[in-house]
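Enquirer: Have a look; sequence and predicted model below, questions after that.
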Amino acid sequence: MPTQSMTDDGDGIAGYGALLLRLALGIMFLAHSIIVKLLNFTLAGTNGYFVKLGLPSNFAYLVFAMEAVGGAMLILGLFTRTVSLILAPILLGAIYFVHWQNGWGFANTGGGWEFPAFWFVACLVQALIGSGPLALTRSR
């Protein structure tokens, strides 16, 4: 019986795992930017919170844009490896500035660091495995 192999252009059944991960990451980043930062907290409120954390003024707008554009690019499969690597540091920032002091469990008050850490690793995995099928640009 022949074995299925995965290549960066999405050949083989494992490529669909890359596709599912890419879509999940894209949807999460897009939803987190639009629903949480824009609609729930508002951009001004998010910026105020970032400043309270000791981050530069207006940094929240950059993070919002990176999450929204990066999420859309992941969904479309545009430059998947690069976008995943660009978005990963945002999660390290979330761990360090927001969630670390709340402990491991994300169910802890204020949300612990387990979910952003997993999300960070998922971005690294996406960068390693590429875009999978149905991407507008292929990862090489």
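Expert: Received, thanks. Numbering: from 1, shown residues only.

Enquirer: Please, which helix or strand holds Val125?
Expert: Here Val125, judged by DSSP states H and E, is contained in helix 114-129.

Enquirer: Give me the mean pLDDT for that helix.
Expert: Here helix 114-129 scores 97 as its mean pLDDT.

Enquirer: before we move on, what about stretch 38-55?
Expert: Rounded mean pLDDT across stretch 38-55 is 98.

Enquirer: returning to what we had before: any buried residues in the helix holding Val125, and which?
Expert: Using 16 or more other Cβ atoms under 10 Å as the test for burial, helix 114-129 gives 114-117, 119-120, 122-123, 126-127, 129. For the C-beta atoms, the positions are set from N, CA and C on the backbone; glycine is no exception.

Enquirer: Same check on stretch 54-68?
Expert: Buried-residue list, stretch 54-68, by 16+ other Cβ under 10 Å: 55, 60, 63-64, 66-68.

Enquirer: Please apply the same query to stretch 39-51.
Expert: Buried-residue list, stretch 39-51, by 16+ other Cβ under 10 Å: 43, 46-47, 50.

Enquirer: I'd guessed Cys123 sits against Leu92; true?
Expert: No. The pair Cys123 / Leu92 is not scored as a contact, 9.9 Å apart, by Cβ atoms under 8 Å.

Enquirer: what does the helix or strand harbouring Ile27 contact?
Expert: Counting by DSSP H and E, the element that carries Ile27 is helix 14-31. Around helix 14-31, the neighbours that count as contacts under Cβ atoms under 8 Å, 6 or more residues apart in numbering are 4-7, 9-10, 67-68, 70-77, 80, 84, 87, 119, 122-123, 125-126, 129-135.

Enquirer: okay, Phe106: pLDDT?
Expert: For Phe106, the model assigns a pLDDT of 88.

Enquirer: Nothing else from me, thank you.
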